[in-house]
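> The following block contains a protein sequence and its predicted model.
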Amino acid sequence: MTDRRKKMFLAELARHGILVRAARAASPRASSQYGAVQTFKDERTRDEQFAAQWDEAMQAAEASVEAEIFRRAQEGWEEPIFGGRHREKIVGTVRKYSDRLLELRAKALLPAYRETASVAVRGRVTHDLDVGVLGDAVAKVALQMAQSFRPQLPAPAEVIDHEPR
């Protein structure tokens, strides 16, 4: 593999972080997109320096995405307002923000905004199992797992019924 192809691949990977697109950009004549990817993956295992550069390229792509999320969530963007008789003219702009991206950013940065889930069980849990969809093998495993959660009880005592004659 030539240094030129490696550089082209790494530059494209750093731009967007999409492995298939980077491999195709550096190998336009490859027989398949996944064959091109495999070529670079093989080179990564052979060449430690290339592997380190690959990691750096992915970090650059991640930083780029993070910066764009910040920009859209907190700085916003100008969206044109069209007017005129046939709405052919830009008569102004309005600043827009992405509430969803701000929410995701808050969850990533601020523990108070992260979703937490917990399950507390205080008693017996029972489930009915419909084998039709799951199949016999999955049902068997599920039943084994359910039985392993049951408390181990001693064998029931034998009851002798004595009736006077």
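Here it is on my side, so go on.

> CA atoms for contacts and neighbours, from now on please.
Will do.

> Contacts only, for Ser31.
The contact partners of Ser31, taken as C-alpha atoms under 8 Å, 6 or more residues apart in numbering, number zero.

> For it, report the pLDDT, please.
Here the pLDDT value assigned to Ser31 is 72.

> Would you verify that it is located in a helix?
No. Applying DSSP: H, G, I helix; E, B strand; the rest coil, one finds Ser31 to be coil, outside a helix.

> Centre of the chain to stretch 28-43, how far?
24 Å (C-alpha atoms, centre = their mean, to the nearest Å).

> How about stretch 110-130?
21 Å.

> the strands in the protein, which residues?
Ranges of strands in the chain, per DSSP state E, are 77-83, 89-96.

> Using JSON lines, please lay out those together with distance to Thr39.
Below are those laid out as JSON lines (distance: least, C-alpha to C-alpha, whole Å):
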{"stretch": "strand 77-83", "distance to Thr39": "40"}
{"stretch": "strand 89-96", "distance to Thr39": "43"}
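
> Any chance of CSV for the ones you listed, columns mean pLDDT?
Listed next are the strands of the chain as CSV, based on pLDDT from 0 to 100:
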stretch, mean pLDDT
strand 77-83, 94
strand 89-96, 94
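
> can you redo those strands as CSV with mean neighbour count and distance to Glu115?
As requested, those are exported to CSV (neighbours: other C-alpha atoms under 10 Å; distance: least, C-alpha to C-alpha, whole Å):
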stretch, mean neighbour count, distance to Glu115
strand 77-83, 13, 28
strand 89-96, 12, 26
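
> Of all the ones you listed, which one is nearest Gln49?
In terms of C-alpha to C-alpha, the element of the strands of the chain nearest to Gln49 is strand 77-83, at 39.3 Å.

> just the angle between the closest one and strand 89-96, please?
Strand 77-83 and strand 89-96 are oriented at 150 degrees to each other (axes from the mean of the first three to the mean of the last three C-alpha atoms, to 10 degrees).

> Pairing partners for strand 77-83, with directions?
Using DSSP bridges, the strands paired with strand 77-83 are strand 89-96 (antiparallel).

> what comes into contact with the strand it pairs with?
76-84.

> ok, and the helix or strand in this structure with the lowest average confidence?
Least confident helix or strand of the chain, by mean pLDDT, DSSP states H and E, is helix 131-134 with a mean of 51.
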